[in-house]
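Asker: just need the structure, nothing else, for what follows:
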Amino acid sequence: MPGQLPKPMFFLVFIVNNFMHSTKPHKIEGLKQIFEKYDVYFIDLWGVMHNGVECYAEAITVLKELKNHKKKVILISNAPRPSRTVNLFLEKIGLPHTLYDLLITSGDITQQYLIENKEKKKFYHLGPDRDKDLFENEKIHISNKEECDEIICTGLIFSEKEDIQEYEAILQYFKNKQTPMICANPDEVVIRGTKLEYCAGALAKKYQEMGGKVTYYGKPYLDIYSTALKKMNILQLYEQKKIIPFAIGDNLKTDIKGANSFNISSLLILNGIYKDFIRNDEINFEELKSSVNLQQLQIHYYQKDLIW
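Answerer: Predicted coordinates:
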C-alpha cells in the first residue's frame, strides 16, 4: 500500500526510534554489573576518587578490582598542573600509582602548548602560586599583564575565599587589549572537602561572556582522550574498534559531555558536584541537564558513589 513501509524496514525504524528515545540512564548498584563490557576506563579524580582532602575507600576498591581483572585504568583530570605533581598528591592521600596505568591532566595538555610556544609568545599567569610548576619546571617565562600575548588561566588566586565578580576589572582590562585566554581547567566548580569551589572554567566562562576569546584544554575536548590513548599505545586499537573505552565522572559539562564527544559510554557519579540534586538516592535527570543547558546529553549509567 502507498505510504506503508515494508515489514523489515518497519521493524528497523521501530528499533532505531526506540533506541534514540531510550535516553533514561540505567542505575547500577556496582560497577561489577557492567565492567566486563569495557577494556579501558577513563576515571575522573575530584568528586569520584577523592574530594580534594581524602580518597574514597570504595573507589579505591574499584581500581583494585579493575586491575585484578586486567582492565586498563586511565585517571583523567582537569587539574591545571602537570601529572607528576598530581601523582605526588594522590600518593599523599592514599591513591598509589600501582592502581592505574596512566595519569593525564589538562595541565599536561596545556604545558605541551606552552613548551611549543615559549619562544614565540609571552604568557601571563592568572591563578594561584601553587600552579606555577606548570611553567617553572619547563623554564617558561611568566610575563606581566602589560606585555603578555596570552593569559594562562589556572584558577582563582585564593579560590576558597573569592568570588568571580572580583575578577571583572582585570578581565575587562584584557578584553580591552583583546588578549586571548588559555583555560587550563575547563571545570567551573569542584568539591573540596564538603564545599563547592570555583575553578578556572568559571573565570573563562565569565571572560567569554564579556566577549573575550578562550581556548580550553582538558575534558570535554578530544585532545586529552586521544593523547591518553596514544601514550598507552592503544589509540590505533580504539580507532580500529578493537577496544572499548568507558568514562566515569561527576560532571556533565566535562566528563559526560567528553564521553559523548568521544563516542563512548559513561557512568555519572551523583554524589559529587550534583549532590544537592539527590532526593532519596535518586535524581531528576531532566532537571539536572536543564540546569546546565545540556538537555541532549546522553547519560548511560549512574551511581550515587563509585562502588564495585
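Asker: show me the protein divided up by domain.
Answerer: As given by automatic domain parsing, the domain ranges for the chain are 26-107+220-303, 109-216.
Asker: would you single out the least confident of the ones you listed?
Answerer: When these are ranked by mean pLDDT, domain 109-216 comes last with a mean of 91.
Asker: what distance separates it from the centre of its chain?
Answerer: In terms of CA atoms, centre = their mean, to the nearest Å, the centre of domain 109-216 is found 17 Å from the chain centre.
Asker: first-to-last residue distance for it?
Answerer: Taking CA to CA, to the nearest Å, domain 109-216 runs 10 Å from one end to the other.
Asker: also stretch 111-126?
Answerer: With CA to CA applied, stretch 111-126 spans 15 Å between its terminal residues.
Asker: give me the contact list for that stretch.
Answerer: In this structure, residues lying in contact with stretch 111-126 by CB atoms under 8 Å, 6 or more residues apart in numbering are 82, 131-132, 134-135, 138-145, 147-154, 157, 170, 179, 181-182, 203, 217. For glycine as for every other residue, the C-beta is placed from the backbone atoms N, C-alpha and C.
Asker: and if we set it to 6 Å?
Answerer: Contact partners of stretch 111-126, identified using CB atoms under 6 Å, 6 or more residues apart in numbering, comprise 82, 134, 138, 140, 142-143, 145, 147-153.
Asker: can you redo those as a markdown table with distance to residue 30, neighbour count and secondary structure?
Answerer: Shown next, in a markdown table, are the contacts of stretch 111-126 (distance: CB to CB, whole Å; neighbours: other CB atoms under 10 Å; DSSP: H, G, I helix; E, B strand; the rest coil):
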| residue | distance to residue 30 | neighbour count | secondary structure |
| --- | --- | --- | --- |
| 82 | 33 | 19 | coil |
| 134 | 37 | 26 | helix |
| 138 | 42 | 13 | coil |
| 140 | 44 | 18 | coil |
| 142 | 46 | 14 | strand |
| 143 | 50 | 14 | coil |
| 145 | 50 | 14 | coil |
| 147 | 54 | 8 | coil |
| 148 | 49 | 19 | coil |
| 149 | 50 | 13 | coil |
| 150 | 45 | 20 | strand |
| 151 | 43 | 25 | strand |
| 152 | 40 | 26 | strand |
| 153 | 38 | 30 | strand |
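Asker: any idea which of the residues you listed is closest to residue 280?
Answerer: residue 153 (38.7 Å; CB to CB).
Asker: ok, that closest one touching residue 200?
Answerer: Yes - between residue 153 and residue 200 there is a contact under CB atoms under 6 Å: 4.7 Å.
Asker: what's the overlap in contacts for those two?
Answerer: residue 183.
Asker: can you give me the neighbour number for the nearest residue to residue 133 once chain neighbours are set aside?
Answerer: Nearest residue to residue 133, sequence neighbours excluded (CB to CB, 6 or more residues apart in numbering): residue 85, at 5.4 Å. Residue 85 has 17 neighbouring residues, counting by other CB atoms under 10 Å.
Asker: is it true that residue 85 lies in a helix?
Answerer: Yes - judged by DSSP: H, G, I helix; E, B strand; the rest coil, residue 85 forms part of a helix.
Asker: quick one: it and residue 66, what's the gap?
Answerer: 24 Å (CB to CB, to the nearest Å).
Asker: go on, residue 264?
Answerer: 16 Å.
Asker: cool, residue 249 as well?
Answerer: Applying CB to CB, the value for residue 249 to residue 66 is 15 Å.
Asker: more neighbours: these two, which one.
Answerer: More neighbours surround residue 249 than the other of residue 249 and residue 66, with 31 against 23 (other CB under 10 Å).
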